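J.: Structure, please.
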Amino acid sequence: MKVPIIRQSLVLTAIGLAGIAMAAGAFTNYGFSGRSGDLSVLPETVPVRLTVKGQPKTLWVQPYELSVAEWNVCHEDGGCDLQLRSRNGADPARLPATGLNHDDAIQYVRWVSKRTGHTFRLPTAAEWTEMAKAVMPEKADPIFNAPELSWASAYIVDEQKSRTLKLIGAHSTSPDGVGDLDGPVWEWTQDCYSGDIDPERCPAFLVAGEHVTTIPFLERDPARGGCAVGSPPAHLGLRLVSDEQPPAS
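T.: I've put the predicted structure just below:
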């Protein structure tokens with residue numbers, strides 16, 4: 001059963017004005033294009049040709065989700081508050097960074113843009129959907145056709161899908177060289193759930209994976225009781241994009 005899109009007033013009650021203040025400025029002044037920087041932490045990217053809302057463009061996209069090792073460089077440098085640990089002894093350079101909320105994602109975007117001197121950002125939901133459409137599986141036929149049992153169809157089908165976190169590169173790769181878009185890590189976008197709300201005050205953002213859904217910006221683990229529209233994401237991570245070609249590392 002789908003949960004109604006979360007209303008701003010309810011989130012303000014739940015997390016308080018102090019939480020919303022943490023998001024203030026999330027989208028302002030984190031571009032540093034044109035400055036020389038530390039290219040040792042420059043993310044790898046591949047060019048992806050997209051047509052979004054009828055407009056063709058080239059977007060430079062991380063071929064995989066941000067890894068635990070990449071995230072922890074930011075933490076050790078003081079740019080990211082959260083420290084991540086690999087699960088079951090997995091190589092942190094090959095494991096996606098997960099358990100991240102939108103505020104965490106913006107911390108990394110700010111840090112890597114400042115360190116490298118190049119502007120990175122999160123993708124929009126439309127950009128993510130466009131670059132993933134070649135690898136996303138077709139939706140399964142419903143098990144129950146009766147409208148009143150549609151929730152049961154979704155529940156049973158979703159339960160059959162693997163939500164196990166696997167190493168980077170374990171899933172499909174798009175023709176453009178972007179991998180793991182069809183994996184169990186759902187990725188934060190820069191889109192507020194409502195276009196009528198100032199993004200700097202937005203209480204919930206869109207994440208993209210099996211479908212696009214709405215997640216409160218402080219949520220790190222929606223699979224354990226968080227709010228979502230549709231089946232909840234198993235893991236929350238991020239993938240950087242840039243509107244300009246990054247410098248050679």
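J.: Where do the helices of this protein begin and end?
T.: 8-23, 68-76, 102-116, 125-132, 150-159 (DSSP state H).
J.: tell me, which of those helices is the model least confident about?
T.: Among the helices of the chain, helix 8-23 carries the lowest mean pLDDT, at a mean of 36.
J.: Could you tell me how many residues sit around residue 190?
T.: 22 (other CB atoms under 10 Å). C-beta: built from backbone N, CA, C; applies to glycine.
J.: shaky segments in this structure?
T.: 1-36, 138-162, 224-231, 249 (pLDDT under 70).
J.: how about the strands in it?
T.: 46-52, 55-61, 185-192, 204-208, 212-216, 235-237, 241-242 (DSSP state E).
J.: how about those in CSV, adding distance to residue 76?
T.: Shown next, in CSV, are those (distance: least, CB to CB, whole Å):
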stretch, distance to residue 76
strand 46-52, 27
strand 55-61, 25
strand 185-192, 22
strand 204-208, 26
strand 212-216, 27
strand 235-237, 19
strand 241-242, 23
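J.: how many other residues sit next to the closest residue to residue 116 other than its chain neighbours?
T.: Spatial nearest neighbour of residue 116, chain neighbours left out: residue 37 (4.3 Å); criterion: CB to CB, 6 or more residues apart in numbering. Per other CB under 10 Å, the neighbour tally for residue 37 reads 18.
J.: surely residue 37 meets residue 111?
T.: No: using CB atoms under 8 Å, residue 37 is not in contact with residue 111, being 11.1 Å away.
J.: picking up where we left off before, quick one: the residue nearest to residue 116 and residue 129, what's the gap?
T.: According to CB to CB, to the nearest Å, residue 37 stands 31 Å off from residue 129.
J.: residue contacts, the closest residue to residue 112 other than its chain neighbours?
T.: Once flanking residues are discounted, residue 112 sits nearest to residue 120: 5.6 Å by CB to CB, 6+ apart. Contact analysis of residue 120 by CB atoms under 8 Å, 6 or more residues apart in numbering lists 43, 109, 112-113, 240-242.
J.: and what of residue 74?
T.: Here residue 74 is in contact with 80, 107-108, 111-112 (CB under 8 Å, 6+ apart).
J.: hmm, try it at 6 Å
T.: For residue 74, the contacting residues are 80, 108, 111, by CB atoms under 6 Å, 6 or more residues apart in numbering.
J.: what number of residues lie near the first one?
T.: Neighbour count for residue 80, taken as other CB under 10 Å: 22.
J.: The last one too?
T.: Here the neighbour count serves as a burial measure; for residue 111 (other CB under 10 Å) it reads 21.
J.: Next: residue 117.
T.: A total of 17 residues lie near residue 117 under the criterion other CB under 10 Å.
J.: Please apply the same query to residue 77.
T.: Neighbour count for residue 77, taken as other CB under 10 Å: 12.
J.: now it: how far from residue 111?
T.: 7 Å.
J.: Tell me which residues touch the residue nearest to residue 44 when sequence neighbours are not counted, please.
T.: Nearest-residue entry for residue 44: residue 63, 6.2 Å, with adjacent residues in sequence omitted and distances by CB to CB, 6+ apart. Residues near residue 63 by CB under 6 Å, 6+ apart: 46, 177-179.
J.: Let's see that with 7 Å instead.
T.: 44, 46, 177-179 (CB atoms under 7 Å, 6 or more residues apart in numbering).
J.: Narrow those to just the buried residues.
T.: 178-179 (16 or more other CB atoms under 10 Å).
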